[in-house]
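Trainee: My questions are about this predicted structure, shown below with the sequence.
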Amino acid sequence: MARYLSDRTLGELPATVIRPAYDRAALAPGIVHLGIGAFHRAHQAVYTDTVLASGDLRWGIIGASLRSADTRDALAPQDGLYTVAARDGAGQLRVIGSSGGLLVAPENPEALLAAMARPEVKLVSLTVTEKGYCHAPASGTLDETHPDISHDLAEPGLPRSAIGFIVESIARRRAAGHAPFTLLSCDNLPANGRTLKSVVTRFAELRDPDFGRYVADEIACPSTMVDRIVPATTDADRAAIAESLGMEDAWPVVTEPFSQWVIEDNFPAGRPEWEQAGATFVKDVGAYELMKLRLLNGSHSTLAYLGYLAGHETVAATIAAPGFAELIRDLMDEEVSPTLPHLPGLDLAAYRADLLARFRNPALRHRTWQIAMDGSQKLPQRLLNTIRDRQRAGAPFPRLALGVAAWMRYATGIDEKGASIDVRDPLAGTIKSRVQGITSASELTAAFLGLEQVFGTDLPAIPQFRAAVEAALTSLLRDGAGTTVQHLRTSQV
């Protein structure tokens with residue numbers, strides 16, 4: 001019978017494996033985290049593990065899955081323990097113990113609400129992806145027509161959305177006389193703290209105007225910038241890690257050595273000293289966030305759509321293909337960087353060079369298909385807002401337009417060989433109904449630009465934007481992604 005990682009087997013691990021340096025039985029639950037997926041387990045949970053090792057045991061994490069029981073089912077028999085493998089060719093293994101209780105919201109909404117209402121919980125954090133905020137990406141406002149929002153307003157005690165759980169738990173804490181917790185978004189949203197505050201406040205207002213004023217006045221939502229590349233774990237990863245551990249780990253996380261966390265220091269209820277683990281606390285996250293969203297995330301999305309269309313499974317394979325490294329370098333240097341504010345002490349050229357090196361990391365099999373998910377939610381902050389700034393400055397944006405066109409081409413659901421693409425996107429059904437049977441670039445452009453929740457009303461009305469996207473889409477349909485990328489520097493699609 002296979003042996004699994006657990007509190008009981010921790011002492012049997014090889015001496016080279018880093019393990020929790022604290023008494024897990026003494027942990028107090030100070031944090032509830034919504035969306036306990038791979039990124040959280042490779043990022044915030046690791047920072048918190050370091051704080052716990054310093055002796056401050058007030059910040060144990062209760063993790064909650066809002067959709068699937070997979071993480072709970074994998075980690076509960078392991079007492080919440082799992083391995084983080086940081087890979088750059090060699091790699092280091094570290095067992096993380098900061099996640100204790102694991103809840104599955106759809107199975108027992110009341111258990112999660114009760115956990116969030118506990119007075120010792122000072123912080124509720126989120127990694128629920130862009131679509132988990134039930135907002136309109138183009139405006140950042142609550143999507144009041146979203147089916148989960150409609151349900152949660154009608155059934156506040158049985159919420160489905162992260163927003164519904166947050167607001168109901170705030171109401172319960174208020175009724176019980178408990179101090180409010182701090183809300184911490186760790187998702188890739190522009191001004192993620194302000195966006196979270198906006199949708200939560202509006203939801204509370206829809207429940208009761210006085211309650212909405214309470215949320216607006218009393219709930220702190222600091223903004224953050226998070227950065228670490230975390231591919232999906234494969235069976236090969238599990239096998240390699242099990243061999244190194246000498247035991248099984250049902251759901252380890254594979255990531256890169258690099259990790260960054262910049263946080264607005266606004267925590268009225270107190271916070272872990274994450275700076276012990278390398279986090280940076282600042283008054284304003286905005287400039288850091290913009291830099292990361294536009295340089296890393298914008299480049300990632302561009303690589304994902306073009307790379308997938310060109311037949312490349314991973315980011316590393318894509319960046320190694322002819323023309324792609326030059327495309328991304330020129331995108332960052334010529335089109336994105338001029339839109340960024342100055343950050344004193346930051347070497348932007350070195351940051352861009354580091355990004356290219358991180359994309360080339362052969363030890364990370366970061367699938368283009370994984371990054372391509374939920375493009376309708378990601379495009380506004382990753383590419384479209386940069387285009388808006390370039391347009392206002394009267395500057396060209398052919399590479400940004402190519403990234404947008406590549407998303408359109410990908411989202412049609414048919415690849416360059418005529419095979420179906422498994423498009424995972426909240427608007428996949430809407431897009432399919434709009435573009436079915438359309439083959440011309442001009443008609444496809446018009447169909448996609450009619451998605452107001454993605455493009456707003458301003459961009460579709462700008463002739464230069466429409467023309468640039470249509471020209472790029474024409475080339476993708478005619479020549480394919482690989483040829484388009486190789487010809488871009490001379491043809492300026």
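Mentor: Happy to help now that I have it.

Trainee: Can you list the buried residues in stretch 140-159?
Mentor: For stretch 140-159, a neighbour-count test (16 or more other Cβ atoms under 10 Å) marks 140, 142-143, 146, 148-149, 152, 156, 159 as buried. Quick note: C-beta positions are derived from backbone N, CA and C, even for glycine.

Trainee: now do stretch 230-248
Mentor: The neighbour-count check on stretch 230-248 (16+ other Cβ under 10 Å) flags 230-231, 233, 237-238, 240-242, 244-245, 247-248 as buried.

Trainee: Likewise for stretch 276-295?
Mentor: Going by neighbour count (16+ other Cβ under 10 Å), the buried part of stretch 276-295 is 277, 279, 281, 285-295.

Trainee: could you dump these to TSV with pLDDT and distance to residue 87?
Mentor: What follows is the buried residues of stretch 276-295, written out as TSV (pLDDT from 0 to 100; distance: Cβ to Cβ, whole Å):
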residue	pLDDT	distance to residue 87
277	97	19
279	97	22
281	96	28
285	93	28
286	90	32
287	90	30
288	91	25
289	90	26
290	92	29
291	93	25
292	93	21
293	93	25
294	96	26
295	96	22
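
Trainee: In helices, which of these fall?
Mentor: Those of the buried residues of stretch 276-295 mapping onto helices are 286-291, per DSSP state H.

Trainee: Identify, from these, the entry nearest to residue 351.
Mentor: The shortest gap between residue 351 and any of those belongs to residue 291, at 7.2 Å (Cβ to Cβ).

Trainee: Next up, the contacts around the closest one.
Mentor: Contact analysis of residue 291 by Cβ atoms under 8 Å, 6 or more residues apart in numbering lists 340, 343, 346, 348, 351.

Trainee: mind redoing it with 10 Å?
Mentor: Residues in contact with residue 291 (Cβ atoms under 10 Å, 6 or more residues apart in numbering) are 225, 227, 262, 336-337, 339-341, 343, 346, 348, 351-352.

Trainee: Compare those and tell me which is most surrounded.
Mentor: Counting neighbours by other Cβ atoms under 10 Å, residue 336 comes out on top of the contacts of residue 291 with 26 neighbours.

Trainee: I'd like the distance between the spatially closest residue to that one that is not a sequence neighbour and residue 315.
Mentor: Residue nearest to residue 336 in three dimensions, not counting chain neighbours: residue 294, with 4.8 Å by Cβ to Cβ, 6 or more residues apart in numbering. Going from residue 294 to residue 315 by Cβ to Cβ, to the nearest Å gives 17 Å.

Trainee: What of residue 97?
Mentor: To residue 315, residue 97 is 30 Å away according to Cβ to Cβ.

Trainee: With residue 423 instead?
Mentor: Using Cβ to Cβ, residue 423 is found at 19 Å from residue 315.

Trainee: Of these two, which one has the most company?
Mentor: residue 315 (27 against 21).

Trainee: Tell me, what's the model's pLDDT at the residue nearest to the more buried one when sequence neighbours are not counted?
Mentor: Closest residue to residue 315 apart from its sequence neighbours, by Cβ to Cβ, 6+ apart: residue 366 at 4.6 Å. Residue 366 carries a pLDDT score of 89 in this model.

Trainee: and residue 366, what is it in contact with?
Mentor: Residue 366 neighbours (Cβ under 10 Å, 6+ apart): 229-232, 254-256, 300, 303-304, 313-318, 358-359.

Trainee: Walk me through the domains of this protein.
Mentor: 24-282, 286-491 (the TED database).

Trainee: can you redo these as TSV with distance to residue 6?
Mentor: Output for the domains of the chain, formatted as TSV (distance: least, Cβ to Cβ, whole Å):
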stretch	distance to residue 6
domain 24-282	5
domain 286-491	28
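
Trainee: which stretch among the ones you listed comes nearest residue 3?
Mentor: Between residue 3 and those, the tightest spacing by Cβ to Cβ is seen for domain 24-282, at 4.4 Å.

Trainee: Quote the end-to-end distance of that closest one.
Mentor: End-to-end distance for domain 24-282: 31 Å, by Cα to Cα, to the nearest Å.

Trainee: now do stretch 217-231
Mentor: This stretch, stretch 217-231, spans 38 Å end to end (Cα to Cα).

Trainee: next one: stretch 133-148
Mentor: By Cα to Cα, the extent of stretch 133-148 from end to end equals 10 Å.

Trainee: for stretch 69-78, same thing?
Mentor: Chord length of stretch 69-78, first to last residue, is 15 Å (Cα to Cα).

Trainee: Where do the helices of the stretch 201-350 of the chain begin and end?
Mentor: Along the stretch 201-350 of the chain, counting by DSSP state H, counting those that start in this stretch, helices occupy 209-218, 235-245, 286-291, 298-309, 315-320, 324-330, 348-359.

Trainee: Grab the nearest non-local neighbour of residue 247.
Mentor: Residue 247 sits nearest to residue 3 (Cβ to Cβ, 6+ apart), 4.4 Å away.

Trainee: quick one on the thing from earlier: closest to residue 394 among the contacts of residue 291?
Mentor: The closest of the contacts of residue 291, once distances to residue 394 are taken by Cβ to Cβ, is residue 339, at 12.7 Å.

Trainee: From residue 191, how far off is the residue nearest to that closest one when sequence neighbours are not counted?
Mentor: Leaving aside its chain neighbours, residue 339 sits nearest to residue 389 (4.1 Å; criterion: Cβ to Cβ, 6+ apart). As judged by Cβ to Cβ, residue 389 and residue 191 stand 15 Å apart.

Trainee: now do residue 357
Mentor: Here residue 357 is placed at a distance of 29 Å from residue 191 (Cβ to Cβ).

Trainee: Which one of these two is surrounded by more residues?
Mentor: Here residue 357 and residue 191 are compared on neighbour count by other Cβ under 10 Å; more neighbours surround residue 191, at 19 against 12.

Trainee: Contacts only, for the more buried one.
Mentor: 140, 185, 197-198, 221, 223, 264, 285-286, 289-290, 381.

Trainee: I'd like to know how far the nearest residue to residue 426 once chain neighbours are set aside sits from residue 404.
Mentor: Nearest non-adjacent residue to residue 426, counting by Cβ to Cβ, 6+ apart: residue 131, 5.0 Å away. Going from residue 131 to residue 404 by Cβ to Cβ gives 19 Å.

Trainee: So if I had to pick from these two, which one is more boxed in?
Mentor: Taking other Cβ under 10 Å, residue 131 and residue 404 do not tie; residue 404 has more neighbours (30 against 19).

Trainee: pretty sure the more buried one contacts residue 301?
Mentor: Yes. Residue 404 is within contact range of residue 301, at 9.4 Å (criterion: Cβ atoms under 10 Å).

Trainee: Mind listing the shared neighbours of the two?
Mentor: Between them, residue 404 and residue 301 share these contacting residues under Cβ under 10 Å, 6+ apart: 375, 379, 382-383.

Trainee: So which of those residues is the closest to residue 104?
Mentor: The closest of the shared contacts of residue 404 and residue 301, once distances to residue 104 are taken by Cβ to Cβ, is residue 375, at 27.5 Å.
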